[in-house]
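Peer 1: Have a look; sequence and predicted model below, questions after that.
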Amino acid sequence: MLRTAWLLCGDRHQAEELVQQALVRTYSRWGHVRQRDPLGYTRRVLANLRVDHWRRRRREVLVPPEDVSPDSTPLHARSSADRTGDRDQLVRALATLTPRQRRVVVLRHFLDLSEAEVAADLGVSAGTVKSTASRAMAALRTALSLDQTDAGDARHGSDR
């Protein structure tokens, strides 16, 4: 849940707060929720809380990618060096997406939900999920290829 919240909002402290609020709301409806899908319900509450927060503030405020330290993110993968590089690229690439695109990418690709599940969680049509995911993935490919090019230039001493 924490990783999902962090990927949705880009800030560890805000992600922790979102998870706490989602769990409180899930607990308050536990009699109804436990008979169905508690994880799906909590995930939807988490996404809805993020949308509500964004709507109240009217703008997205992410931590600039330059200010993200490797220890402040809850993503854990392979070796420490790989995790740091991957995490930095992921944060920078996700920061380029719109809030809706980020939600779709997180739910679809990081949580491995189907298009129908993402559509149900976000309250949009499956077609909207498909088109948003397509645009988001294109933006991520562009952002990640630029990061790769910049890294290659730095290794080879290019001044481009």
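Peer 2: Yep, that arrived.
Peer 1: From here on, just use CA atoms for contacts and neighbour counts.
Peer 2: Noted.
Peer 1: now the helices for this protein?
Peer 2: According to DSSP state H, the chain carries its helices in the segments 2-9, 12-28, 30-33, 38-57, 80-95, 99-105, 115-122, 126-156.
Peer 1: which residues touch Leu113?
Peer 2: Contact analysis of Leu113 by CA atoms under 8 Å, 6 or more residues apart in numbering lists Leu107.
Peer 1: any low-confidence regions in this structure?
Peer 2: The chain contains residues with pLDDT under 70 at 54-85, 147-160.
Peer 1: tell me the centre residue of this protein?
Peer 2: Residue closest to the mean C-alpha point of the chain, counted by CA atoms, centre = their mean, is Leu7 at 2.6 Å.
Peer 1: any idea how far Pro38 is from that one?
Peer 2: From Leu7 over to Pro38 the distance is 20 Å, taken as CA to CA, to the nearest Å.
Peer 1: For Arg34, what are phi and psi?
Peer 2: When read as degrees, to the nearest 10, the backbone of Arg34 gives phi -60, psi -20.
Peer 1: burial count for it?
Peer 2: By other CA atoms under 10 Å, the residues close to Arg34 number 13.
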